[in-house]
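Visitor: Take a look and give me a structure for this.
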Amino acid sequence: MNIIWHGQSLFELITAPAKNSFTRRSFASQNLAGQIKIVIDPFSEEIGLKVPKLEADIVLVSHSHHDHNNVKAVSGSPSQISEKLGRASPFLISGPGEYEIKNVFIQGIASFHDDKKGEARGENT
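Guide: Model (predicted):
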């Protein structure tokens, strides 16, 4: 797995492609054998950094502040065409819960962004 920090809050995780040929054949039709790209907390250019060109299968947003939720800056993998948008769109996770996307398991846990139970700065996941 590669973990890339793009500045501020933005991380990109890229899994290694499947190495087992049996796995590659078994999951090829489900697009599970290749790399999975996950982008975490894409920032807005308002913070003074240039947003890199990003493509992901999954986007995680920890909270709804402009320096953590610029999901429009991330395009989806070509295998995920959103009927609503008419273009490739990544799967967005921005709240608590259990998720399984492309054989990746993610658990979002609710928390607060401040010491006042979220009253000052909101909630996190």
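Visitor: tell me the strands in this protein, going along the chain?
Guide: 2-5, 11-14, 37-40, 54-56, 58-60, 74-76, 81-82, 87-88, 91-93, 97-101, 104-108, 111-112, 123-124 (DSSP state E).
Visitor: Going by contacts, tell me the helices and strands next to the fifth one.
Guide: The one in question is strand 58-60. strand 37-40, strand 91-93, strand 104-108 (3 or more CB pairs under 8 Å, 6 or more residues apart in numbering; DSSP states H and E). (C-beta placed from N, C-alpha, C; glycine too.)
Visitor: Show me what the last one is in contact with.
Guide: Defining contact as CB atoms under 8 Å, 6 or more residues apart in numbering, one finds that strand 104-108 is touched by 15, 36, 38, 57-58, 60, 93, 95-100, 125.
Visitor: 6 Å - rerun?
Guide: 36, 95-99, 125 (CB atoms under 6 Å, 6 or more residues apart in numbering).
Visitor: Looking at those residues, which gets the smallest pLDDT?
Guide: In terms of pLDDT, the lowest of the contacts of strand 104-108 is T125, showing 64.
Visitor: picking that back up, output the strands of the chain as CSV; include the columns mean neighbour count and distance to I47.
Guide: Shown next, in CSV, are these (neighbours: other CB atoms under 10 Å; distance: least, CB to CB, whole Å):
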stretch, mean neighbour count, distance to I47
strand 2-5, 10, 15
strand 11-14, 17, 15
strand 37-40, 22, 16
strand 54-56, 19, 16
strand 58-60, 23, 18
strand 74-76, 19, 16
strand 81-82, 12, 27
strand 87-88, 14, 26
strand 91-93, 18, 20
strand 97-101, 11, 27
strand 104-108, 13, 24
strand 111-112, 14, 22
strand 123-124, 18, 18
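Visitor: What separation do you get for E45 and G95?
Guide: Shown here: E45 relative to G95, a distance of 25 Å by CB to CB, to the nearest Å.
Visitor: Correction: the previous question concerned G122.
Guide: Distance from G122 to G95, by CB to CB: 12 Å.
Visitor: same question, G7
Guide: In terms of CB to CB, G7 sits 25 Å off from G95.
Visitor: Which of the strands of the chain comes out lowest on mean pLDDT?
Guide: When I compare the strands of the chain, strand 81-82 is least confident, with a mean of 48.
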